[in-house]
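Asker: sharing a model that was predicted from the sequence below.
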Amino acid sequence: MQTTSVLETPSRILNNSSTTIKKKFYQRVDWVNAIPFTLFHVVTVVGLFLVPFSWSMVALCAVSYAVRMFGITAGFHRYFAHRTYKQNRIMQFIMAFIGGSTHQRGVLWWAAHHRHHHKCSDQPGDSHSPVLGGFWWSHVGWIMVKESDPTKWEYIKDLTKFPELLFINKYHWVPAIAVAVGMFIFGGAPALIWGYFFSTVLLWHGTFTINSLSHISGTRRYNTTDDSRNNPLLALITMGEGWHNNHHSYQNSARQGFFWWEIDLSYYILRVLQAIGFISEIKEPPIEILESKRISNISPR
C-alpha cells in the first residue's frame, strides 16, 4: 500500500494558516466545562488502584467496550449520521440508547456535528480538524468549547420527526447512568470501575482517534478534499472506523473496509443483523466510483 506524495495531501494547502487558527482554538477552550471530563479520568485511574484486579473484570470491560463501541460506529455514525442502512423505530431507539451510553452527548448532537464535519472536512469551518487545530484540539479540545454545545439542527431535519430521538438527545445522560447503575448492581464497585468508568474512558479515546490520528497517520488510497487516512490499528480499536480514507471517499457505505483484508467488525455484525431481519438495505460502495478516485496501486476487490 502506497502513501500519497506531499503534493496530494490537502494539509499542505492549509498549513500556512494553521498556527494562527490553532492559537484561537486554544484560547476558546472553556476549562470550567472541562472539569467533569477531567474528573472522570481521575476517578478511573484512582478506582483501578482501589478495586481488586480480576480477569473477569477485564472481560467485563472488554464486552462493555465492544457493545458500546458498536453503538457509536454502527449506530451514531453509520446509521444516524450517514443513514447507510434501514431499521425500524425500535431498533433505531436501541441503537441510540447503546451509543448514548458512551457519554458522547446526544445522538442528534453527534450526528449533526458529524454531518457538518463532512461538509468541510479539514477546511475552514471544520469543528475538529488536526490540520487546522493540531492533535489535541481535534482529539478532545473541540468538545470543550461553548460553540460546540448546541445541536446543529439544520443538518438533521430527517431525524427530528422522531420524538423518542428528541427525548434521548435532550436527556443524553440517561443511558450512561443506566449502565453505571447496572454495573454496580451486577458487580459492585469493581464492575462500576471496570465496566463503566474505565471502558468509557477507553471508548472516548478510541472514538477520538478517528478525529485526530485518522487525519494525520496512515495511508491514502483515494483522492479526497481532506487529509483522511486508512489506519489498520485504529480500525481494530474502533471496529472498522480506521478505514477513514475509504469512508471519506464514499461516506454513504455501511462498509468501510472496502477490501477483504480490511477488518471491519461493525460491518460484519451489521450483516448478521440483516440476515436475522433486524435491519435491511445495507449500502455498499460502488466500485466504479471508487476506482475513479484511486491514487495508489492496489488491486480491485
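Answerer: Nice, thanks for sending it over. Residues are numbered from 1 along each chain as shown.
Asker: need the strands for the stretch 1-150 of the chain, in chain order.
Answerer: 86-87 (DSSP state E, counting those that start in this stretch).
Asker: for it, which spans come out with low pLDDT?
Answerer: 1-28 (pLDDT under 70).
Asker: how about the helices in it?
Answerer: With DSSP state H, counting those that start in this stretch as the criterion, the stretch 1-150 of the chain has helices at 11-28, 35-50, 55-70, 89-100, 107-119, 130-139.
Asker: which strands and helices sit next to the second one?
Answerer: Spelled out, that is helix 35-50. Identification of packing neighbours for helix 35-50 by 3 or more C-beta pairs under 8 Å, 6 or more residues apart in numbering; DSSP states H and E yields helix 199-211. Every residue, glycine included, has its C-beta placed from N, CA and C.
Asker: can I get the helix it packs on in CSV, CA atoms only?
Answerer: Taking C-alpha atoms only, helix 199-211 is exported to CSV below (Å, rounded to 0.1, in the frame of the first residue of the first chain):
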residue,chain,number,x,y,z
SER,A,199,-14.4,1.2,29.5
THR,A,200,-15.9,4.7,28.9
VAL,A,201,-12.5,6.4,29.0
LEU,A,202,-11.2,3.8,26.5
LEU,A,203,-14.3,4.4,24.3
TRP,A,204,-13.7,8.1,24.4
HIS,A,205,-10.2,8.0,23.3
GLY,A,206,-10.8,5.2,20.8
THR,A,207,-13.5,7.2,19.2
PHE,A,208,-11.5,10.4,19.3
THR,A,209,-8.6,8.8,17.4
ILE,A,210,-10.7,8.9,14.3
ASN,A,211,-11.0,12.7,14.5
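Asker: after it comes which helix or strand?
Answerer: Per DSSP states H and E, the first helix or strand lying C-terminal to helix 199-211 is helix 232-237.
Asker: would you mark the buried spots in that following helix?
Answerer: For helix 232-237, burial by neighbour count (16 or more other C-beta atoms under 10 Å) applies to 232, 234, 235, 237.
Asker: between those, which sits nearest residue 209?
Answerer: Nearest to residue 209 among those, counting by C-beta to C-beta, is residue 234 at 5.3 Å.
Asker: distance check, the residue nearest to the closest one when sequence neighbours are not counted against residue 257.
Answerer: Sequence neighbours aside, residue 242 is the residue nearest to residue 234 in space, at 3.1 Å (criterion: C-beta to C-beta, 6 or more residues apart in numbering). For residue 242, the distance to residue 257 equals 9 Å [C-beta to C-beta, to the nearest Å].
Asker: and residue 166, by the same measure?
Answerer: The gap separating residue 166 from residue 257 is 33 Å, by C-beta to C-beta.
Asker: returning to that earlier point: now the helices of the stretch 1-150 of the chain in JSON lines, with distance to residue 187 and mean neighbour count?
Answerer: As requested, the helices of the stretch 1-150 of the chain are exported to JSON lines (distance: least, C-beta to C-beta, whole Å; neighbours: other C-beta atoms under 10 Å):
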{"stretch": "helix 11-28", "distance to residue 187": "40", "mean neighbour count": "13"}
{"stretch": "helix 35-50", "distance to residue 187": "13", "mean neighbour count": "13"}
{"stretch": "helix 55-70", "distance to residue 187": "7", "mean neighbour count": "17"}
{"stretch": "helix 89-100", "distance to residue 187": "20", "mean neighbour count": "19"}
{"stretch": "helix 107-119", "distance to residue 187": "28", "mean neighbour count": "21"}
{"stretch": "helix 130-139", "distance to residue 187": "31", "mean neighbour count": "22"}
